[in-house]
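Asks: Build me a model:
(2 chains)
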Amino acid sequence: MNYLLIFVPFIALVLVNLLPKKLRPISSFLVLLLILAAQSIFAALAPFGLIRAVGAVRMEHLFGFHLLIDNLSLLLLLSAGIVGFSALMVAWHSIKDEDDRFNFTNLLFILLIGMNGISMLRDLFSLYVFIEAIAVSTFIMILLYKAREAYEGALKYLILSVVASVMMLSSIALFIMFCGGTSFEVIKLSLVSSGALARIAIALFICGLFIKGGLVPFHGWLADAYTSAPAPVSVVLAGVVTKASGIFTLIRLLTAVIGFSPATKDLLLIIGAISIVIGALAALGQKDIKRMLAYSSISQMGYILVALGCGTRLGLIAAAFHFLNHAIFKSQLFANAAAVEEQTGSRDLGSLGGLAQKMPVTGITSAIASLSTAGIPPLSGFWSKLLIIIALWVSGNYFYAVIAVLASLLTLAYFLTLQREAFFGQVSVKVSSVTEASAGMLIPAVLLSAMTVGLGLVFPFVIKYFVR
Amino acid sequence: MNVLLLLLILMVLAGLWSILTSLLLRATIALALTSVLLTVVMFQMNAPLAAVFELSVCAGLISVVFISVISLTHRQPLKEYLARRQKRILRFWPLPVLLLVVGVGLSFVHRPVHIMLPHPTAFGDIRIMMWQLRRLDLFGQILVLLAGVYGVLILFRGNKNGN
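Replies: A predicted model of the protein is given here:
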């Protein structure tokens, strides 16, 4: 199964491009939708033993390289499947031009292969190559409409991405010099005997991942890229791409190679806490819905980082659960923003108002996602934030636990502002003739809302998934 | 002075020139020169395949692409060019100073370095080594190239309204 996760989308990508031109957009949409749905079902059921990965050894002989699936891989596979599905649905209804839609689908194929690869790799250089494949396809996706502001967002993303690449390549070069290879086992073995230069190599790679993940102080590109990207691209970018390149790779490195030394834990806690606070404060002052959600993403990724900074099993479980929750509620909020922009032609909170009366489904689903992000029970976001705070408290990081609690209030404040100004209150003149978004736009929002509520309600059952 | 050290200093100077110059064509030539010097360094360090790639792709192909794009632009008026040059000098003057300080600082570091680089002939033919040991990376690079192809299709396709 693990090999199929990268070769099926690749073969499908090649085949749909060979079809007659008229058939390409619809066939690529349907094939990718099917692949994403199958991947999500596989990743959701596999930890419970309902689906088994078979034939891996035979496939390994055929291809000559290792791809390993563990429960951490399944977390990214599930997130990529859910977010990709939502982005594709949003794209089908928000991208009007057939060529643009087809190009988006093709790039989403590449993005999916890249993320699936990252989830299963155990080699630093291969990880870097797949991270670059994701970065290049994302950069082009942002420029899909060739809008002026998109060029600015994409250029910022490209420049900082190149800085991250230089750091990661330098780190890989150092590892090759000292370890003679880039596989996780080789690096882990040599880290024991290596000194200061090995620590520099690790620091360089982690800094590169922080840039890719858009964490403070490397977050300069994130708000512009998220805001200027077309609606479905924002969904996939905020939902899973930055987290796959940055946070997931970091979790993989921490658990499989570096381990949790006191210095590493301090670094994660400090960067995480700064990201939580600065992201939340910046989100408070925004008037553009997408920009507010972008800064909110920085803050939420900070939560994942502080959970990792505990260096405990509970911290890891909390980080993994918040990773999945963030993929769900953030892609939903961006899908809601896309619906609002589609129907009203605006993302400016100042010109919206009373939308819940005109777009009730969008209003309700957006409220659910906002409350989940703010950590209101019984939604899934509440449980992951609770786990993070408990993990911080139990590991003796009281100061960071207090910051996490206080920042949750800030999160609630900016989401209440968003809800009040966009969805509640008097219906503004500009939205008086607005109608609800099309069914295609609402399907992902409703599905993701159901997941947010469902995951929260069956939390004791779901937590087993993460404990394993 | 060691030949390798001299080549490295020249390479850094060429790299600095490519950043500091305010003319695109000169920057391209400086970048090509940097690549040529790096090629010589690679030959000196017993890595002929990397050197050939560096020379053909970085010094050759990329310079041709840059010059082709520059030929599509038009010359800036002299007054604007002079103002831009002034700005550029003001913006980048700390760079050579910083490089010098880092270089001098590193020259005082005398730590023994234990390098475990495999010998170039350890795996026999590098092409076979790439195919047998790094096949997945080649697949990843195909993905990057594919994304690049879609980038060209998207960025260079004219707008439907004729703009």
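Asks: from here on, contacts and neighbour counts on C-alpha atoms
Replies: Fine.
Asks: Looking at the stretch 1-150 of chain A, what residue ends up closest to chain B?
Replies: A:Ala133 (4.5 Å; C-alpha to the nearest C-alpha).
Asks: Skipping adjacent residues, who's closest to that residue in space?
Replies: B:Val144 (4.5 Å; C-alpha to C-alpha, 6 or more residues apart in numbering or on different chains).
Asks: What is the neighbour count of the one you found?
Replies: 22 (other C-alpha atoms under 10 Å in any protein chain shown).
Asks: and it, what element?
Replies: Using DSSP states H and E, B:Val144 falls within helix B:135-155.
Asks: Residues in contact with that helix: which ones?
Replies: A:64-65, A:100, A:103, A:107, A:110, A:114, A:125-126, A:129-130, A:132-134, A:136-137, A:140, A:143-144, A:146, B:131 (C-alpha atoms under 8 Å, 6 or more residues apart in numbering or on different chains).
Asks: Could you list the buried residues of it?
Replies: In terms of neighbour count (16 or more other C-alpha atoms under 10 Å in any protein chain shown), helix B:135-155 has its buried residues at B:135-137, B:140-141, B:143-144, B:146-148, B:150-151, B:154.
Asks: pLDDT added to these, as a markdown table?
Replies: Formatted as a markdown table, the buried residues of helix B:135-155 follow (pLDDT from 0 to 100):
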| residue | pLDDT |
| --- | --- |
| B:Arg135 | 83 |
| B:Leu136 | 86 |
| B:Asp137 | 87 |
| B:Gly140 | 90 |
| B:Gln141 | 90 |
| B:Leu143 | 93 |
| B:Val144 | 91 |
| B:Leu146 | 92 |
| B:Ala147 | 91 |
| B:Gly148 | 88 |
| B:Tyr150 | 90 |
| B:Gly151 | 88 |
| B:Ile154 | 86 |
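Asks: Check the burial of the residue of the stretch 1-150 of chain A closest to chain B by counting its neighbours.
Replies: 25.
Asks: What is the neighbour count of A:Tyr295?
Replies: For A:Tyr295, the neighbour count with other C-alpha under 10 Å is 26.
Asks: Surely it is within a helix?
Replies: Yes - membership of A:Tyr295 in a helix is supported by DSSP: H, G, I helix; E, B strand; the rest coil.
Asks: Please name the residues that touch it.
Replies: By C-alpha under 8 Å, 6+ apart, the contact set of A:Tyr295 is A:Ala223, A:Gly279, A:Ala280, A:Ala282, A:Ala283.
Asks: Residue of the stretch 351-468 of chain A nearest chain B, please.
Replies: A:Met441 (24.5 Å).
Asks: my guess is that residue meets A:Ala335, correct?
Replies: Yes - using C-alpha atoms under 8 Å, A:Met441 is in contact with A:Ala335, at 7.4 Å.
Asks: Between these two, which is the more surrounded one?
Replies: Higher neighbour count among A:Met441 and A:Ala335: A:Ala335, with 31 against 25, using other C-alpha under 10 Å.
Asks: Can you give me every residue that contacts that one?
Replies: A:Ala335 sits next to A:Ser86, A:Ala87, A:Val90, A:Ala231, A:Pro232, A:Val235, A:Met441, A:Pro444, A:Ala445 when contact means C-alpha under 8 Å, 6+ apart.
Asks: what's the answer for B:Pro48, then?
Replies: So B:Pro48 contacts B:Met42 (C-alpha under 8 Å, 6+ apart).
Asks: tell me the mean pLDDT for the helix or strand where A:Phe399 lies?
Replies: Using DSSP H and E, A:Phe399 sits in helix A:398-418. For helix A:398-418, mean pLDDT rounds to 93.
Asks: Pull out the buried positions in that helix.
Replies: Applying 16+ other C-alpha under 10 Å to helix A:398-418 flags A:400-401, A:404-405, A:407-408, A:410-418 as buried.
Asks: before we move on, what about stretch A:163-176?
Replies: Under 16+ other C-alpha under 10 Å, the buried positions of stretch A:163-176 are A:Ala164, A:Ser165, A:Met167, A:Met168, A:Leu169, A:Ser170, A:Ser171, A:Ile172, A:Ala173, A:Leu174, A:Phe175, A:Ile176.
Asks: Can I get the residues you listed in JSON lines including pLDDT?
Replies: Formatted as JSON lines, the buried residues of stretch A:163-176 follow (pLDDT from 0 to 100):
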{"residue": "A:Ala164", "pLDDT": "93"}
{"residue": "A:Ser165", "pLDDT": "92"}
{"residue": "A:Met167", "pLDDT": "93"}
{"residue": "A:Met168", "pLDDT": "94"}
{"residue": "A:Leu169", "pLDDT": "92"}
{"residue": "A:Ser170", "pLDDT": "92"}
{"residue": "A:Ser171", "pLDDT": "93"}
{"residue": "A:Ile172", "pLDDT": "92"}
{"residue": "A:Ala173", "pLDDT": "89"}
{"residue": "A:Leu174", "pLDDT": "88"}
{"residue": "A:Phe175", "pLDDT": "88"}
{"residue": "A:Ile176", "pLDDT": "85"}
